[in-house]
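J.: Just need the structure, nothing else, for what follows:
(chains A and B)
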Amino acid sequence: GAVVSQHPSWVICKSGTSVKIECRSLDFQATTMFWYRQFPKQSLMLMATSNEGSKATYEQGVEKDKFLINHASLTLSTLTVTSAHPEDSSFYICSALVGTQYFGPGTRLLVL
Amino acid sequence: DAKTTQPTSMDCAEGRAANLPCNHSTISGNEYVYWYRQIHSQGPQYIIHGLKNNETNEMASLIITEDRKSSTLILPHATLRDTAVYYCIVRNRDDKIIFGKGTRLHILP
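T.: Okay, the predicted model is just below:
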């Protein structure tokens, strides 16, 4: 149990376009999901907390207008990277909270 | 959340027990000790957690000292697939996880 999926697993896009990443809890419901970003050889950095039916809470230094989060149901949260630039290239990982946090497999984004 | 201190890296021979230490001297009474690991290019994997008592599951054992200021994660028979970065995290249930640098465990053939 406690499986979290992400889609897509990797994506390449042109600079200036927007990219949407989905995070789903497959066998449980989660009121709260989290989004992390990880650059090469670094630890995971928390970007935001996503709560079903309400606005996301962003960590300091994370632009909420650039990283749009929607948590429309108890099994789905989405992260949209708007007007992506090469510096947004990273490994994006979501997690779902049900007492313990369970993490998705990650989405690798490359912006050209 | 309380801060944790872990060694930067450790080596362990394949087939031997891997003992990963973690210090969390400022842990408060209602905070749990969680362990996750991240294998290269994958999302973190939950391993085990505990509050006061030692815990064991199919993956590992968690030994928490009586004063709760430190703990040890034990992988009883390490394999090459256990090579990963291991994160010790102290948190209240339902709190967000803030990752530190973790311990990079190398399993040597």
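
J.: didn't B:N57 look like it was pressed against B:I48?
T.: Yes: taking contacts as CB atoms under 8 Å, B:N57 lies within contact range of B:I48: 5.6 Å. In this view, the C-beta of every residue, glycine as well, is placed from N, C-alpha and C.

J.: now for the worst-scoring helix or strand of chain A on mean pLDDT, which elements pack on it?
T.: Among the helical and strand segments of chain A, the one scoring lowest on mean pLDDT, DSSP states H and E is strand A:67-73, with a mean of 92. Counting contacts by 3 or more CB pairs under 8 Å, 6 or more residues apart in numbering or on different chains; DSSP states H and E, strand A:67-73 is packed against strand A:32-38, strand A:45-51, strand A:76-81.

J.: List of residues touching that strand?
T.: Residues lying outside strand A:67-73 but in contact with it, judged by CB atoms under 8 Å, 6 or more residues apart in numbering or on different chains, are A:33, A:35, A:47-48, A:50-54, A:56, A:58, A:77-82.

J.: what's the answer for stretch B:53-67, then?
T.: Stretch B:53-67 is contacted from outside by B:33, B:35, B:47-52, B:70-76, using CB under 8 Å, 6+ apart.

J.: Mind listing the residues bridging to the closest residue to chain B within chain A?
T.: Going by CB to the nearest CB, chain B is nearest to A:F103 of chain A, at 3.9 Å. Listed by DSSP bridges, the beta-bridge partners for A:F103 are A:S95.

J.: if we can go back for a sec, more neighbours: B:N57 and B:I48, which one.
T.: Shown here are B:N57 and B:I48; by other CB atoms under 10 Å in any protein chain shown, B:I48 has more neighbours (19 against 10).

J.: what number of residues lie near the closest residue to B:H40 other than its chain neighbours?
T.: In space, and not counting its chain neighbours, B:H40 is closest to B:A84: 7.5 Å by CB to CB, 6 or more residues apart in numbering or on different chains. Using other CB under 10 Å, B:A84 has 21 other residues around it.

J.: And B:A84, what's its pLDDT?
T.: pLDDT, B:A84: 98.

J.: hang on, isn't it packed against B:I107?
T.: No: the criterion here is CB under 8 Å, and B:A84 misses it with B:I107 at 9.1 Å.

J.: how near is the residue nearest to B:H40 to A:R108?
T.: To A:R108, B:A84 is 18 Å away according to CB to CB, to the nearest Å.

J.: Would you indicate which residues of stretch B:97-109 are buried?
T.: B:I97, B:I98, B:F99, B:G102, B:T103, B:R104, B:L105, B:I107 (16 or more other CB atoms under 10 Å in any protein chain shown).
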